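A.B. asks: After the sequence you'll find the predicted model.
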Amino acid sequence: MASLQAPPLSDQLCFDLYAASRAVTAAYRPVLTELGLTYPQYLVLIALWERDDRTVRDIADSLQLDHGTLTPLLKRMESRGLVERRRNHADEREVVVSLARKGEELRRHADRVHCDMVDLLGLDPTEFAQLQETLRALTRRAHG
């Protein structure tokens, strides 16, 4: 009887994606630590810098996070003065998140952080755009 062998780790796309994600996230850590942010907090701020006064559901959808992960993160950010949360007057079931003063002040660092990461990865603009498109297509396909 032949035994079924799993392909080796070096042939596993899931591992390559995992390793790349961890490496890129770790590359962000020094600059974000300097700003007093975690990587997930930075992503929330980016979403709010794009469009302030967003519902928790909208932020969760944008960041592809579940509500149970996002809510405690937002509570910590609120306690640090980065965001403010309030009930939507039109629909009390919804919580609206907006930038607080400290969160808004960090916006001036956003371009530097982005440029630093692009430089660190050593991708030219074409390679960067191709990688983003490949990753977005992969994400769409994985979501079915």
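C.D. replies: Yep, that arrived.

A.B. asks: got a list of contacts for the helix or strand where Asp61 lies?
C.D. replies: For Asp61, the element it lies in under DSSP states H and E is helix 56-63. Residues from elsewhere that reach helix 56-63 (C-beta atoms under 8 Å, 6 or more residues apart in numbering): 40, 43-44, 47-48, 54, 65-67, 70-71, 74, 85, 94-97. Heads up, the C-betas are built off the backbone N, CA and C, glycines and all.

A.B. asks: chain center to that helix, what's the gap?
C.D. replies: 11 Å (C-alpha atoms, centre = their mean, to the nearest Å).

A.B. asks: Look through the chain and tell me its longest helix.
C.D. replies: helix 13-35 (DSSP state H).

A.B. asks: still on that earlier bit, buried ones in the helix holding Asp61, by neighbour count?
C.D. replies: For helix 56-63, a neighbour-count test (16 or more other C-beta atoms under 10 Å) marks Val56, Ile59, Ala60, Ser62, Leu63 as buried.
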